[in-house]
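Trainee: Okay, here's the prediction I keep looking at, along with the sequence it came from:
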Amino acid sequence: MCGIVAAAATDNVVPVLIEGLKKLEYRGYDSAGLAVLGAEGLERRRALGRVAELCARCEGLAASTGIAHTRWATHGAPAEHNAHPHISAGLAVVHNGIIENYEALKAELLAQGYQFSSETDTETIAHLIAASLKIQPDLAEAVRLTCQRLKGAYAIAVVAEAQPGRVVVAREGSPLLLGVGERGYYAASDTSALLQVTRQVIYLENGDLADLRPDSLVIRRIQGEAGEAVSRPVVLSQLSADAVELGQYRHYMQKEIFEQPEALANTLEMVGGAKSVQPGLFGAEAARLLDQADSVLILACGTSSHAGMVARYWIESIAGLPVTVEIASEYRYRESVPNPRQLVVAISQSGETADTQAALRHARDQGQPLTLAICNVAESAIVRESALRFITRAGPEIGVASTKAFTTQLAALFLLTLVLAKLRGRLSEADEAAHLQAMRHLPVAVQKVLALEPEIAAWARRFANKQHALFLGRGRHYPIALEGALKLKEISYIHAEAYPAGELKHGPLALVDREMPVIAVAPNDHLLEKLKSNLQEVRARGGELFVFADQGCQLPADDADGVHVLALPEHYGPLSPILHVVPLQLLSYHAALIKGTDVDKPRNLAKSVTVE
Ligand code: G6P
């Protein structure tokens with residue numbers, strides 16, 4: 001993934017680059033580095049680990065032009081010599097993405113005598129630009145010629161000692177936007193890095209190259225002989241600087257868990273006080289396009305795929321449409337049978353996940369034009385490439401482990417369920433009004449669940465020292481068990497698996513003993529009695545049970561005997577998964593606190609996975 005920041009301004013940009021990197025650390029944090037054109041010419045600083053390490057190495061550094069990078073390692077281990085920027089003949093490059101043909105390009109450059117000091121694909125770009133500069137002395141043109149030779153995904157920023165006061169950036173596949181500031185032009189992987197200097201941004205299109213100087217900006221197309229000049233609109237970002245500050249919280253994940261009532265309220269704002277739900281929520285063409293759908297294919301990765309799995313239960317039972325949920329990285333390479341009447345729903349917090357984007361394109365290229373994006377970032381690639389869209393209003397999610405994005409995705413998917421059901425004549429007016437009423441009550445209901453935090457923190461103390469955990473759920477709460485297990489793995493590094501409770505006897509029961517905590521999601525629904533039997537199977541084998549029940553579940557706790565039960569404040573019908581995931585988020589958060597892990601930046605992970 002990686003994050004990029006660049007600046008060509010009239011004042012010292014080193015603090016801007018550092019601050020920008022801090023905001024982009026969620027994209028990767030294996031190493032950080034910057035290169036500036038200062039009084040001493042090209043100066044580079046790099047550090048393994050976090051931006052704070054880099055900051056310590058930048059004392060006294062000042063320059064008005066520079067590029068910076070925070071890395072999530074793909075090619076080459078996390079090590080200082082692999083940290084960006086990479087240098088060749090007085091020029092420096094930072095890169096986000098993967099160059100697929102880098103081996104062939106590297107062989108060519110080695111044959112020409114270029115020496116490599118890293119194992120990265122990025123160093124190839126630096127040498128290629130250096131080689132181009134020998135033929136074409138203009139930096140922007142040399143970068144453009146180089147980009148024409150690159151296959152794969154990239155967002156790059158380049159500075160050259162011989163051409164001070166200038167930064168050249170380009171993108172194909174990976175995200176990159178520009179900032180129009182009072183003292184210069186800036187570039188970054190996302191808006192949050194630039195809010196410190198401006199809210200006026202320009203979204204570059206794939207295949208755009210921009211030449212930034214303190215007082216001028218030129219955007220051109222990479223392809224074509226002359227590189228046609230293009231103009232892109234300046235838009236005012238709606239993101240507020242406060243939204244990306246930690247405020248009173250200790251971690252972004254904690255902040256984001258507690259922001260869920262507000263995030264849900266904002267997402268549901270467009271439903272207002274209405275007693276009916278309109279297809280127009282999903283775009284101007286929604287009524288016509290959704291009406292054609294004879295089935296649904298949901299494509300997503302990670303937590304977003306769990307939202308899709310919950311939606312399968314909703315859409316099939318309420319709207320009566322068959323639903324398939326596929327992990328995007330599998331679907332994109334599978335030989336599937338295209339169905340032009342199938343609604344393809346891509347779910348993604350970032351809207352930039354490479355596999356989800358590629359899966360969406362794959363579906364479209366196979367002749368499936370009915371596409372819908374459910375995303376948290378309005379300007380993202382996945383939104384732009386879909387016929388229909390629903391933007392969740394969770395606000396920026398910084399913690400790598402997704403929380404508020406998930407619950408708002410679920411809210412959006414429930415609205416989709418209602419719209420599909422209505423279009424198919426399967427929703428009575430009374431049911432529609434009742435469902436909408438329940439949705440409007442969600443923020444309050446989630447707030448009540450959050451109040452259980454002290455009890456959940458006490459539970460976390462009981463199992464934070466365990467090596468493994470088993471999560472059980474049934475029906476639409478099975479994906480919630482999956483999400484609980486994923487959260488625990490991601491941030492507390494406890495190995496966790498989730499099973500549909502009915503599968504227990506087909507394998508995982510063999511693992512159950514006193515050392516294996518079993519966490520059960522036990523809503524008061526038609527599967528409760530079945531689940532109770534499954535829990536008996538665990539108790540009979542000495543397993544310690546942690547049960548998140550609903551009111552009235554009649555699951556007596558016996559703490560001394562290893563049966564712990566916490567009742568959620570309300571029973572919530574079909575929307576219950578939105579409530580039941582919240583205690584699991586809090587449980588993993590508190591287990592991670594006890595273990596002392598880096599909650600917002602768990603090892604080896606990153607938030608926006610813009611590479612394959
Ligand atoms: C990464 C993140 C997860 C996220 C997944 C999909 O793995 O760490 O939190 O669920 O990507 O991301 P998306 O932005 O497509 O929802």
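Mentor: Structure's in. What do you need?

Trainee: Next, count neighbours for the nearest residue to P556 once chain neighbours are set aside.
Mentor: Taking Cβ to Cβ, 6 or more residues apart in numbering, and ignoring the residues beside it in sequence, P556 has V565 as its nearest neighbour in space, at 7.1 Å. Quick note: C-beta positions are derived from backbone N, CA and C, even for glycine. Neighbourhood size, V565 [other Cβ atoms under 10 Å]: 19.

Trainee: who's V565 bridged to?
Mentor: Listed by DSSP bridges, the beta-bridge partners for V565 are V547.

Trainee: mind listing what it touches?
Mentor: Taking Cβ atoms under 8 Å, 6 or more residues apart in numbering as the definition of contact, the neighbours of V565 are 547, 549, 553, 555-557.

Trainee: Generate a ChimeraX selection restricted to the buried subset of these.
Mentor: Selecting just the buried residues from the contacts of V565 in ChimeraX takes one command, with 16 or more other Cβ atoms under 10 Å as the test:
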select :547,549,553,555
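
Trainee: between the contacts of V565, which is closest to the ligand?
Mentor: Within the set of the contacts of V565, V547 lies nearest the ligand; the separation is 26.1 Å, counting by Cβ to the nearest ligand atom.

Trainee: List the contacts of the helix-or-strand element of the chain with minimal mean pLDDT.
Mentor: Least confident element among the helices and strands of the chain, by mean pLDDT, DSSP states H and E: helix 528-540 (a mean of 80). By Cβ under 8 Å, 6+ apart, the list of residues contacting helix 528-540 from outside reads 472, 474, 501-502, 504-505, 509, 512, 518, 520, 522, 545, 547, 553, 555, 562-563.

Trainee: thinking again about what came up before, out of the contacts of V565, name the ones that lie in helices.
Mentor: Cross-referencing the contacts of V565 against helices under DSSP state H gives no overlap.

Trainee: would you turn the contacts of V565 into a markdown table with pLDDT and distance to V377?
Mentor: Below are the contacts of V565 laid out as a markdown table (pLDDT from 0 to 100; distance: Cβ to Cβ, whole Å):
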| residue | pLDDT | distance to V377 |
| --- | --- | --- |
| V547 | 93 | 36 |
| A549 | 91 | 36 |
| C553 | 76 | 38 |
| L555 | 78 | 40 |
| P556 | 79 | 46 |
| A557 | 81 | 42 |
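
Trainee: Spit out the contact partners of A73.
Mentor: When contacts are counted by Cβ under 8 Å, 6+ apart, A73 is found next to 28, 30-31, 82.

Trainee: Can you classify it by secondary structure?
Mentor: Secondary structure assignment for A73 (DSSP: H, G, I helix; E, B strand; the rest coil): coil.

Trainee: how close does it sit to S31?
Mentor: From A73 across to S31, the span is 8 Å (Cβ to Cβ, to the nearest Å).

Trainee: Tell me who's in contact with L178.
Mentor: 169, 185-187, 201-202, 204, 210, 212, 217.

Trainee: Relative to L37, which of the residues you listed is nearest.
Mentor: For L37, the closest of the contacts of L178 turns out to be L212, at 12.5 Å, with distances computed as Cβ to Cβ.

Trainee: picking up where we left off before, buried sites along the least confident helix or strand of the chain?
Mentor: Buried residues in helix 528-540, counting neighbours by 16+ other Cβ under 10 Å, are found at 528, 531-532, 534-535, 538-539.

Trainee: domains in the protein, as residue ranges please.
Mentor: Split into domains by automatic domain parsing, the chain comes to 3-244, 252-447, 453-595.

Trainee: Go through the ones you listed and name the closest to the ligand.
Mentor: Between the ligand and those, the shortest gap by Cβ to the nearest ligand atom is with domain 252-447, which sits at 2.9 Å.

Trainee: The closest one and the ligand in contact?
Mentor: Yes - on the criterion Cβ under 6 Å from any ligand atom, domain 252-447 is in touch with the ligand at 301-304, 348-350, 353, 356, 400-402.

Trainee: one step back: from the contacts of L178, keep the buried residues only.
Mentor: Among those, those classed as buried by neighbour count (16+ other Cβ under 10 Å) are 169, 185-187, 201-202, 204, 210, 212, 217.

Trainee: Flag the least confident of the residues you listed.
Mentor: For the buried ones among the contacts of L178, the minimum pLDDT belongs to L204; the value there is 92.

Trainee: and that residue, what is it in contact with?
Mentor: Residues counted as contacts of L204 (Cβ under 8 Å, 6+ apart) are 169, 171, 176-178, 210, 219, 232.

Trainee: Then V180?
Mentor: Contact analysis of V180 by Cβ under 8 Å, 6+ apart lists 186, 198, 200-202, 217, 234.

Trainee: burial of the nearest residue to it once chain neighbours are set aside, as a residue count?
Mentor: Sequence neighbours aside, Q200 is the residue nearest to V180 in space, at 4.2 Å (criterion: Cβ to Cβ, 6+ apart). The number of residues packed near Q200 is 15, by other Cβ under 10 Å.

Trainee: now the helix or strand hosting I129: mean pLDDT?
Mentor: With secondary structure defined by DSSP states H and E, I129 is part of helix 122-135. Per-region confidence: helix 122-135 scores 97 on mean pLDDT.

Trainee: now for the helix or strand following that helix, which elements pack on it?
Mentor: Toward the C-terminus, helix 122-135 is succeeded by helix 139-147 as the next helix or strand (DSSP H and E). In terms of contacts (3 or more Cβ pairs under 8 Å, 6 or more residues apart in numbering; DSSP states H and E), helix 139-147 is packed against helix 122-135, strand 152-160, strand 167-172, strand 208-213, strand 216-221.

Trainee: highest average neighbour count across these?
Mentor: For those, the stretch with the most neighbours on average is strand 167-172, a mean of 27; neighbours defined as mean count of other Cβ atoms under 10 Å.

Trainee: Give me the sheet partners of that strand and which way each runs.
Mentor: When sheet partners are counted by DSSP bridges, strand 167-172 sits next to strand 152-160 (antiparallel), strand 208-213 (antiparallel).

Trainee: quick one: contacts of the shortest one?
Mentor: Applying Cβ under 8 Å, 6+ apart, the set of residues contacting strand 208-213 from outside is 6-8, 139-140, 143-144, 147, 165-171, 178, 184-187, 204, 217-222, 227, 230, 232.

Trainee: Repeat the analysis, applying 7 Å as the threshold.
Mentor: Residues from elsewhere that reach strand 208-213 (Cβ atoms under 7 Å, 6 or more residues apart in numbering): 8, 140, 143-144, 147, 165-171, 178, 185, 187, 204, 217-222, 230.

Trainee: cool, stretch 262-277 as well?
Mentor: For stretch 262-277, contacts defined as Cβ under 7 Å, 6+ apart pick out 281, 392-395, 404, 407-408, 411-412, 415, 418-419, 422, 432-433, 436, 439-440, 442-443, 446.

Trainee: Give me the subset of the residues you listed lying in helices.
Mentor: Secondary structure of these is defined by DSSP H; positions in helices are 404, 407-408, 411-412, 415, 418-419, 422, 432-433, 436, 439-440, 442-443, 446.

Trainee: Selection in ChimeraX covering whichever of these are buried, please.
Mentor: Here is the ChimeraX selection string for the buried members of those, based on 16+ other Cβ under 10 Å:
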select :404,407,408,411,412,415,418,419,422,432,436,439,440,442,443,446
